[in-house]
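Engineer: Give me the fold of what follows.
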Amino acid sequence: SELLATATRGLYSARASGSSTLDHVHLSRMVQRSLATLERYSAHVDLTEVCAQLRALGAYKGLISLCTRAASARDPGNEALRPQDPSSTRMQQLHYLRLECYQLV
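Structural biologist: Numbering: from 1, shown residues only. Below you'll find the model as predicted:
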């Protein structure tokens, strides 16, 4: 997450100074590396904070990918996607956990 924060600060600086395309490519690579790490640990990520940073960077594809990965981590058996008893407390909890992730998009 610190790498993503660094990328965010760098992108804001780059935009303010009218920097070169090469700087933007470097920042894009930093964001992609950060996303790869965040996706591996998506169950432990502060999604609200990270999604705000991704949105600020304009990294919408990464934002969607991270949120769907986090939803899958919260419901690894995909039980909420095909509930046998939608009224059960467990299904409602899993549904809500997934919904929290999707609402950040």
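
Engineer: wait, what's in contact with the residue nearest the centre of the chain?
Structural biologist: Centroid-nearest residue in the chain: Leu66, 3.3 Å away (criterion: Cα atoms, centre = their mean). Neighbour list for Leu66: Leu35, Leu38, Glu39, Ser42, Val45, Leu47, Val50, Cys51, Leu54 [criterion: Cβ atoms under 8 Å, 6 or more residues apart in numbering]. To be clear about C-beta, it is placed using only N, CA and C from the backbone, and glycine gets the same treatment.

Engineer: Report pLDDT for the fourth one.
Structural biologist: When you say that, I think you mean Ser42. In this model, Ser42 is scored at 85, pLDDT.

Engineer: Make 58 the first number, not 1, from now on.
Structural biologist: Done: numbering now begins at 58, and the last item shifts to Ser99.

Engineer: can you tell me how far the residue lying closest to Leu95 once chain neighbours are set aside sits from Gln160?
Structural biologist: Setting aside the residues directly before and after it, Leu95 is nearest to Val102 in space (Cβ to Cβ, 6 or more residues apart in numbering), at 5.4 Å. Separation of Val102 from Gln160 (Cβ to Cβ, to the nearest Å): 15 Å.

Engineer: More neighbours: which of those two?
Structural biologist: Using other Cβ atoms under 10 Å, the more surrounded residue of Val102 and Gln160 is Val102, with 19 against 11.

Engineer: Can you list the buried residues in the top helix by length along the chain?
Structural biologist: Criterion DSSP state H: the longest helix present in the chain is helix 78-97. For helix 78-97, a neighbour-count test (16 or more other Cβ atoms under 10 Å) marks Leu84, Met87, Val88, Ser91, Leu92, Leu95, Glu96 as buried.

Engineer: any chance of the residues you listed in TSV, with pLDDT and distance to Gly115 too?
Structural biologist: Below are these laid out as TSV (pLDDT from 0 to 100; distance: Cβ to Cβ, whole Å):
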residue	pLDDT	distance to Gly115
Leu84	76	11
Met87	80	14
Val88	82	10
Ser91	84	14
Leu92	85	13
Leu95	84	17
Glu96	86	18
